[in-house]
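>>> Build me a model:
(2 chains)
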Protein chains: 2
Amino acid sequence: MAARQREISVSEFFTKNRHLLGFDNPRKALLTTVKEAVDNSLDACEEAGILPTLAIEIVEVSESRFRIAVQDNGPGIVRQQIPKIFGKLLYGSKFHRLKQQRGQQGIGISAAGMYGQLTTGRPLRIISRTGRRKPAHRFRIAIDTKKNAPVIQRDEEIEWDVAHGTRVEIELEATYQKGRRSVDDYIEQTALANPHAEIRYAPPKGEEIVFARVTKELPKESSEIKPHPYGVELGVLLRMMKETSSRNLRGMLTSEFSRVSSPVATKICDLAGVSPTINPRRLTGPNVEALFHAIPKVRIMAPPTACLSPIGEELLLRALEQRVEAEFCTAVTRPPAVYRGNPFQVEVGLAYGSELGAEDPVDLYRFANRVPLQYQQSACAMTKSSVSTDWKKYGLQQSRGALPAGPMVIFVHIASVWVPFTSESKEAVASYPEIVKEIRLGLMEAGRRLGTFVRRRRREADEHKKRSYIEKYIPHIADALQEILSLSDRKRDSTEGKLKTILERSRKI
Amino acid sequence: MAARQREISVSEFFTKNRHLLGFDNPRKALLTTVKEAVDNSLDACEEAGILPTLAIEIVEVSESRFRIAVQDNGPGIVRQQIPKIFGKLLYGSKFHRLKQQRGQQGIGISAAGMYGQLTTGRPLRIISRTGRRKPAHRFRIAIDTKKNAPVIQRDEEIEWDVAHGTRVEIELEATYQKGRRSVDDYIEQTALANPHAEIRYAPPKGEEIVFARVTKELPKESSEIKPHPYGVELGVLLRMMKETSSRNLRGMLTSEFSRVSSPVATKICDLAGVSPTINPRRLTGPNVEALFHAIPKVRIMAPPTACLSPIGEELLLRALEQRVEAEFCTAVTRPPAVYRGNPFQVEVGLAYGSELGAEDPVDLYRFANRVPLQYQQSACAMTKSSVSTDWKKYGLQQSRGALPAGPMVIFVHIASVWVPFTSESKEAVASYPEIVKEIRLGLMEAGRRLGTFVRRRRREADEHKKRSYIEKYIPHIADALQEILSLSDRKRDSTEGKLKTILERSRKI
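As a prediction, this is how the structure comes out:
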């Protein structure tokens, strides 16, 4: 039996368990592939301070086979890095950083390439150029799943009429459908949450759709932060003590955590009964455990929130007004908050329309770090928060345990240095109590504003109805009075006028 | 930016994404740890042909910290393999085999150890012995998450009063609770689906519980099979062609797939327009694609099903009768079926009681390869199949879109060489149409038997009620008749007797 034991490569693992990465079925495979490429492009542009211009193309090769191309005007990728970024799972720059980004893991795009290869046998095709004076490189890259390593099939310099940017092409077995949770939906929602991006989209059938920029201002650049002590785990703390380059414990605590000043570090050490000047590598297990238990007892400032880059109320409102047909829009950006030491920030928008569908449940648009979430709605903290909010207060209908009904779109966005997704395919946000609370507060504030609007509109409608009654019946009453009192025609008209005034007045009291 | 790009180890990845492995919260962490150790023990015993005897111990170290020990009488593990099996993620013997086993991935037990280390800093402790004449080895193993490699802290020979077997101890932050989805529940259900195992369980509080064997017969040993051509993917086929040791295509197809005879192989080649004698390594991409498209057009026998080892109707019935308090039990083992080239087999049991709770939804016990599934019930194919079955036909109450109500346990088991779980924490089975269909057929057959019982019992209850009415009123009628007809006391008694007979007769018509 011992001979049978062997290592399993991470790409073999994810080939077998592709549903973990969002490749459960051909329809979702198409969406996931577009999503991973778009996430990467937007992240790259923003990190380089470039206003993103994206071109997304989906070409139907045969009934069940599509070629997807996503091209950006980002900074490009240096030649040596291209094979690993696209041809190796668990490789990238984002995993080890506490920073608000769309990508987190270093899996997405290489997994999409692997899925394409698995279903069509075709390699990934990449073109990238880092600047006008640099050549453009074209690659064809396959993935050796047994080794989790790229296999370079072609690597050449080419002419490319693009100053800088990256283009990735993947061919895969897939299905294209319109409607809910479609690629079309996803791209539209991406434009909504990224009002600074221009996105051109050529669907498999029909004309190119252009989502123009709503603003020319780039989002505030999100910065990287150090971990906050409240979120650290014992095992991680033990490892940090061994790996630190600090010579003494106090120095280690102040330099490797955020918000730990020298007095705070001393207080933690005192409480744990450990000298602040000891060499961290000399600490015993019980020492570190004592420090670990001392941390929550010391008051430490919340982590810095400069690392967060929300959309902002004004821009969100403008994007909602531009992209959703609605009579009333409102947007709320909550102040930053913290879960398990990770800063996060919630934004909520409501767009209330008057078209048909007043009996249907509202549409819930969910976003994490500006990326629309399309699947697993019921498992998401955003859904739970929306369902547990009392929408009747704000003039909507709502059955117990359900989303409210009405002609409305609810927009919820969470921005964080680490979004706690419930699964690797990044489809739903885990229900940390702090997160649920913030979303509810946002929904309630937006809801109150909506309630004011809905009530005013209802009052206006009532008023209109009453007024039309009055206008309908007063002439008849006047006729009757004329007959009873034998009034002249002129007198009758003035009576009618007076009647109107009196009734109006009495109605308003 | 290029300098920032780096490799991410699979253990770093799963440390951050521990919820993927079932370590979302302290309560679930306890359950998952016990489960992984028990799965491994039962697999090891069965593979070695040993009737499993397991001892599970949970010791409360402090309010939020527990030490779990699971010991088996399995074949033991050879010394050199111990560190990697317990201290390295994605390492094991089960991933590359098509065989019905509890474990599939080579992640479980090392992930549990990693979680223990992360939350308590304590290493895994393992004792293992492969036979009476071999020494027992005791290890203390930590995991270097940056490298995904074991760190051996201790490795020694010890005296152990066990002839062969393995004991694993993990200390972790956790919460112990009774009730639904508890460890207690899990162990009870494990005993139900493994009637050949003896399980002793010492909970943190209270006395040891012993689940005795229901049978001394080991389950039929499941054998390993080759993949079936209907389930192969283009990318996999391309790789197989490159890696095969066969010299010609026909030989490759017959030797590397199950159910491909020489005529079947020839037919595939003919349809694809490729010579059956060509060296597989010489095939071009389009050649392999043509073969890939030819496969589904050729009739190929379903895969062999000797690889499956269901519990069996008789044993399942006995286990249900022994472990569940019920008035009526029934069990159905469906014939084997196939999804995506993978053989599987469904078993269904119903245990209908008469205690309280007739208004509550039934209990659904879900099992995959004899392992109870505790979480994500609503996402599981077994739940969907149970909900979509019309239980009213069988005499139960059922609201639309819900499980039926009544004093009943539904038991569903799927045995397969590859169970398609919806997530890495192995909590729910994906809804492949073939799987849903088989479960429904099983439920319907068991349901019909239940219906007969429920109707008979209801008839008996009705009869009893009517009879008691008759017995209640006849004396009064007889009294009245006596008075009207002025009968003697003796005549009255015989009249009463005749009345009863007449009424009984008329009631039965």
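>>> From A:E12, how far out is A:R6?
Separation of A:R6 from A:E12 (Cβ to Cβ, to the nearest Å) stands at 11 Å. Every C-beta, even on glycine, is put in place using the N, C-alpha and C of the backbone.
>>> and those two? which has more neighbours close in?
Higher neighbour count among A:R6 and A:E12: A:E12, with 18 against 13, using other Cβ atoms under 10 Å in any protein chain shown.
>>> can you list the residues that contact the helix or strand where that one lies?
Under the criterion of DSSP states H and E, A:E12 resides in helix A:10-16. With contact meaning Cβ atoms under 8 Å, 6 or more residues apart in numbering or on different chains, helix A:10-16 is reached by A:20-21, A:89-90, A:107, A:111, A:114, A:118, A:143-146, A:148, B:10, B:13, B:90, B:95, B:105.
>>> give me the number of residues near the closest residue to A:G131 other than its chain neighbours?
Spatial nearest neighbour of A:G131, excluding adjacent residues (Cβ to Cβ, 6 or more residues apart in numbering or on different chains): A:H164 at 5.3 Å. Residues near A:H164, counting by other Cβ under 10 Å, number 19.
>>> residues contacting A:H164?
By Cβ under 8 Å, 6+ apart, A:H164 lies in contact with A:N73, A:G74, A:P75, A:G76, A:R129, A:T130, A:G131, A:R132.
>>> Narrow these to those that are buried.
Buried by 16 or more other Cβ atoms under 10 Å in any protein chain shown: A:N73, A:G74, A:P75, A:G76, A:R129, A:T130, out of those.
>>> Wait, the fourth one touches A:S128, no?
Put plainly, it is A:G76. Yes. Look at A:G76 against A:S128 with Cβ atoms under 8 Å: they come within range, at 4.7 Å.
>>> Could you tell me which residues touch both of these two?
A:G165, A:T166.
>>> Assess the claim that A:E221 and A:S309 are in contact.
Yes. At 6.9 Å, A:E221 counts as touching A:S309 under the criterion of Cβ under 8 Å.
>>> what sits up against stretch A:23-35?
Contacts with stretch A:23-35, where a contact means Cβ under 8 Å, 6+ apart, come from A:18, A:21-22, A:56, A:58, A:64, A:66, A:68, A:70, A:108, A:111-112, A:115-116, A:119, A:170, A:172-177, A:181-183, A:186-187, A:371, A:374-375, A:425, B:430.
>>> Buried subset of those residues, written for PyMOL?
In PyMOL, the members of these classed as buried (16+ other Cβ under 10 Å) are selected with the following command:
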select buried, (chain A and resi 18+21+22+56+58+66+68+70+108+111+112+115+116+119+170+172+173+174+176+181+182+183+186+187+371+374+375+425) or (chain B and resi 430)
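>>> Just the ones of the contacts of stretch A:23-35 in strands?
Assigned to strands by DSSP state E, the following of the contacts of stretch A:23-35 qualify: A:I56, A:I58, A:F66, A:I68, A:V70, A:I170, A:L172, A:E173, A:V371.
>>> Any figure for the gap between the residue nearest to A:G131 and chain B?
Separation of A:H164 from chain B (Cβ to the nearest Cβ, to the nearest Å): 13 Å.
>>> Give me the phi and psi for that residue.
Main-chain torsions, A:H164, degrees, to the nearest 10: phi -160, psi 150.
>>> Would you mind giving me the confidence score for it?
pLDDT recorded at A:H164 is 96.
>>> sorry, back to before: nearest to chain B among the buried ones among the contacts of A:H164?
Nearest to chain B, judged by Cβ to the nearest Cβ, of the buried ones among the contacts of A:H164 is A:P75 at 7.3 Å.
>>> Does that closest one touch A:S128 like I think?
No. Here A:P75 does not reach A:S128: they are 9.4 Å apart, not a contact under Cβ under 8 Å.
>>> Which residues does the nearest residue in space to A:Y365 that is not next to it in sequence form beta bridges with?
Nearest non-adjacent residue to A:Y365, counting by Cβ to Cβ, 6+ apart: A:F411, 4.8 Å away. Judged by DSSP bridges, the bridge partners of A:F411 are A:G349, A:Y365.
>>> Need the per-residue pLDDT for A:F411.
Per-residue pLDDT puts A:F411 at 95.
>>> Same question for A:L89.
80.
>>> cool, and A:R4?
67.
>>> do the one 4 residues further on as well
pLDDT for A:I8: 78.
>>> quick one: it from B:R97, how far?
Taking Cβ to Cβ as the measure, A:I8 falls 12 Å from B:R97.
>>> quick one, which of those two is more surrounded?
A:I8 (21 against 16).
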